[in-house]
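> Return a 3D structure for these sequence lines:
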Amino acid sequence: MSTAKKSRHKHRRIVLKFGSGTLTRTNAPGLDLKQFARLSAAVAGLIQHGYQCVTVTSGAVAAGTSVLALADRPSDLATAQASAAIGQSKLMRAYEMAFGRYKLNVAQLLLTHSDLDSRTRRANAGNTLERLLAAGNVLPIINENDSVATEELSFGDNDRLSAEVATLAGADLLIILTQVDGLLDENGKVIPLVRDIDQVKKLANGTKGRFARGGMISKLEAVRMAVDAGITTVIMNGRRPDRIPAVIAGENVGTRFLPKARPARKTKRR
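Numbers count the residues shown, from 1 in each chain. Below you'll find the model as predicted:
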């Protein structure tokens, strides 16, 4: 029995966030289709073992830069949004081809933070998400609506959005896949477990990849949102998606952030 199958009841619903650096080629512009194959194999394996998975993806801007003959991420907002508009269909086509090998369909949801701040639109997004997950053979893929929104384009890499989606979905686990092995200590070693995020936030820096926009600072802000909502969160190396089952099993892969203990419910006396 696989590691994932043994622990299937521990983490039933999982949100996985794929950063731009996880999805793009390291030495050339454009999407890394071999990486899409590795990621889809890992996620498909989870779904086959009974998990409900939701992905939050970046990469639309990176996917569109080649059409505009850009070697790096555009610095001005208009060009970044134009790149996202071009790249979104390319991004979804890559996901469709990758997951199609496992007879899984993909569904695109484009959200903004204002959608999640509105009670009506948030409820509609939640209902749509629940219906997609109920189908069993559909993987929801969520991205910020980059062609009209600016929050994640300017300040993050969908890190905050992943925490908001995990909360919306009532996820048991949020996995943020990025370009590093986890949160590193002063000696460059991965910190396996964090119980209090305030004790480690000074270790974060603003280092980012060619197409990434978040950095560890953005990720720790997202982690705080998730753990405050009671969701265990792990930051791990996105180039090693084969280790996702070990993450789910609770093994020392990446950095695991434990949620704050929820207060016990008071029982009414009769």
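> Please enumerate the strands of the stretch 151-270 of the chain.
173-178, 193-194, 232-237, 255-257 (DSSP state E, counting those that start in this stretch).
> from the ones you listed, which stretch is densest packed?
Of all those, strand 173-178 carries the top mean neighbour count, a mean of 27, counting by mean count of other CB atoms under 10 Å. Every C-beta, even on glycine, is put in place using the N, C-alpha and C of the backbone.
> The stretch 1-150 of the chain: helices as residue ranges?
In the stretch 1-150 of the chain, the segments counted as helices under DSSP state H, counting those that start in this stretch are 3-6, 20-23, 33-48, 60-64, 77-100, 113-117, 119-135.
> Just tell me which of those helices ends up closest to residue 225.
helix 113-117 (11.4 Å; CB to CB).
> show me where pLDDT drops low in the stretch 51-200 of the chain?
146-157 (pLDDT under 70).
> now with 80?
66, 71, 146-157 (pLDDT under 80).
> Find the one among the helices of the stretch 1-150 of the chain with the highest mean neighbour count.
Highest mean neighbour count of the helices of the stretch 1-150 of the chain: helix 60-64, a mean of 28 (counted as mean count of other CB under 10 Å).
> Run through who's touching it.
Helix 60-64 is contacted by residues 20, 23-24, 29-31, 73-74, 80, 82-88, 90-91, 94, 143, 146, 153, 211 when judged by CB atoms under 8 Å, 6 or more residues apart in numbering.
> Apply 7 Å and report the result again.
Residues from elsewhere that reach helix 60-64 (CB atoms under 7 Å, 6 or more residues apart in numbering): 20, 24, 30-31, 73, 80, 83-88, 90-91, 143, 146, 211.
> burial of residue 252, as a residue count?
Residue 252 has 12 neighbours, counted by other CB atoms under 10 Å.
> ok, it touching residue 192?
Yes. Under the criterion of CB atoms under 7 Å, residue 252 makes contact with residue 192 at 4.4 Å.
> quick one on the thing from earlier: now the strands of the stretch 151-270 of the chain in CSV, with distance to residue 245?
Putting the strands of the stretch 151-270 of the chain into CSV (distance: least, CB to CB, whole Å) gives the following:
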stretch, distance to residue 245
strand 173-178, 11
strand 193-194, 19
strand 232-237, 12
strand 255-257, 14
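> Quick one, which of these gets closest to residue 133.
Among the strands of the stretch 151-270 of the chain, if distance is taken as CB to CB, the winner is strand 173-178, at 14.8 Å.
> That closest one: partners in the sheet, and parallel or antiparallel?
Here strand 173-178 has these sheet partners by DSSP bridges: strand 13-18 (parallel), strand 232-237 (parallel).
> Now render those strands as CSV, adding distance to residue 113.
Converted to CSV, the strands paired with strand 173-178 look like this (distance: least, CB to CB, whole Å):
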stretch, distance to residue 113
strand 13-18, 15
strand 232-237, 19
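> Isn't residue 254 up against residue 244?
No. Using CB under 7 Å, residue 254 is not in contact with residue 244; the gap is 9.8 Å.
> Identify the contacts common to these two.
The contact lists of residue 254 and residue 244 share no entry, where a contact means CB under 7 Å, 6+ apart.
> Report the distance from stretch 136-147 to the chain centre.
Distance of stretch 136-147 from its chain centroid, counting by CA atoms, centre = their mean, to the nearest Å, is 11 Å.
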